[in-house]
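Peer 1: Need a 3D model of the sequence below.
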Amino acid sequence: MLVTGATGFTGGHLAAHLAKAGDDVRAMYRGDARAIPAATHIEPVRGDLRDAASLTAAVKGVEVVYNIAALYREAGLAAAEYRAVNADGVAAIVWAAAAAGARRVVHCSTVGVHGDVEHPPADEDAPLAPGDIYQETKVLGEQLGAKAAAEAGIEFVIARPTGIYGPGDRRLFKLFGGVARQRFLMLGAGGNFYHVTYIDDLCAGFRLCGTVPAAAGRTYILGGGEVTTLAELVKITAEVARVPPPRWRLPIWPVWLAGAACEAVCAPFGIAPPIYRRRVDFFRKSRAFDISRARRELGYAPAVGLRDGIGRTLEWYREHGWI
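Peer 2: Numbering: from 1, shown residues only. Below you'll find the model as predicted:
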């Protein structure tokens with residue numbers, strides 16, 4: 001097995017999960033190999049989705065490729081950089097895998113390709129409505145990957161995870177850690193839906209995407225078994241952390257407009273704005289999804305409930321001095 005993006009949160013957990021399941025794992029990294037989990041069945045290999053020669057070496061002798069590598073949202077990155085990794089890079093790894101005789105590529109996309117879900121829960125056939133360059137290139141990556149797979153004659157599976165959290169996660173630390181430290185500021189009423197996935201359940205779902213024969217050519221949403229509103233998620237987190245829920249709320253739209261102004265000022269200098277619209281959208285856009293297809297076709301069965309997952313995550317944060 002090859003896992004790209006193995007130094008990231010999701011890729012690192014997946015490499016460890018596959019190794020624990022008994023798979024021989026080649027973990028592809030671009031930066032510091034020391035971030036790769038240390039395990040008997042994990043072999044680090046340097047590679048880059050933009051470097052064809054490195055991909056040829058990485059996929060040699062591999063049966064299944066799990067493509068987790070991606071450029072997320074970073075200030076100052078040109079659209080061409082996102083496309084090179086999130087779109088063209090997907091086609092490149094598919095072609096390299098096919099040439100090496102691999103059986104299947106499992107590509108990690110995102111439910112973000114569906115944009116704001118107007119009539120939740122959405123399934124895999126819901127309209128695609130990407131809202132920024134990251135989501136746009138993830139849509140293109142799905143398309144280019146599927147096209148390359150059809151032409152190269154290799155199986156291709158698309159996995160779209162919902163919001164990922166768990167020990168070591170930094171993206172949703174702002175929510176879970178913020179509530180636990182009583183530093184979370186709520187915007188609006190929190191009536192929008194927000195669907196999360198515990199990392200262990202997600203890794204199990206990825207492995208099913210790589211091993212179930214019927215998954216070839218299919219797309220699956222991988223999410224947790226519980227869907228809540230953002231307000232409910234915050235309330236549960238506060239209860240698990242044994243702290244009072246956030247007392248203060250601000251109206252959304254003045255903050256959204258302030259974010260637009262900050263982006264306009266900061267963009268020419270390539271710096272991250274202190275407030276930006278996408279973060280404000282977290283408080284107003286619904287993200288709720290139907291995982292029935294993955295349950296039915298893969299046997300996907302998320303086992304970690306919200307309270308348990310949040311508890312494990314907060315415990316890790318405490319042990320590592322994050323809260």
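Peer 1: can you give me the strands for the stretch 1-150 of the chain?
Peer 2: Residue ranges of the strands in the stretch 1-150 of the chain, as given by DSSP state E, counting those that start in this stretch, are 2-4, 25-29, 42-46, 64-67, 104-108.
Peer 1: Pull up the pairing partners for the shortest one, direction included.
Peer 2: Yep, that's strand 2-4 we're talking about. strand 25-29 (parallel), strand 64-67 (parallel) (DSSP bridges).
Peer 1: Which residues does stretch 178-185 contact?
Peer 2: 174-175, 234, 237-238, 241, 243-246, 248-250, 314, 317, 323 (C-beta atoms under 8 Å, 6 or more residues apart in numbering). C-betas here are computed from N, CA, C, even on glycine.
Peer 1: gap between residue 164 and residue 217?
Peer 2: Counting by C-beta to C-beta, to the nearest Å, the separation of residue 164 from residue 217 is 24 Å.
Peer 1: the more surrounded of the two?
Peer 2: The neighbour count for residue 164 versus residue 217, taken as other C-beta atoms under 10 Å, is higher for residue 164 (22 against 13).
Peer 1: Could you look up the SS state of that one?
Peer 2: strand (DSSP: H, G, I helix; E, B strand; the rest coil).
Peer 1: Does it touch residue 201 like I think?
Peer 2: No - counting by C-beta atoms under 8 Å, residue 164 sits too far from residue 201 to count as a contact (9.7 Å).
Peer 1: phi, psi of residue 87?
Peer 2: phi -120, psi -70 (degrees, to the nearest 10).
Peer 1: you'd agree it is up against residue 141?
Peer 2: Yes - Residue 87 lies in contact with residue 141 (C-beta under 8 Å); the separation is 4.4 Å.
Peer 1: how many neighbours does residue 52 have?
Peer 2: Residue 52 has 12 nearby residues by other C-beta under 10 Å.
Peer 1: For it, give me its contacts.
Peer 2: Contacts of residue 52 by C-beta under 8 Å, 6+ apart are 92, 96.
Peer 1: The same query, at a cut-off of 6 Å, please.
Peer 2: Not one residue lies near residue 52 by C-beta atoms under 6 Å, 6 or more residues apart in numbering.
Peer 1: In terms of pLDDT, where does it sit?
Peer 2: Note on residue 52: pLDDT of 94.
Peer 1: measure the closest residue to residue 77 other than its chain neighbours to residue 172 for me?
Peer 2: Leaving aside its chain neighbours, residue 77 sits nearest to residue 71 (6.6 Å; criterion: C-beta to C-beta, 6 or more residues apart in numbering). Residue 71 sits 19 Å away from residue 172, going by C-beta to C-beta.
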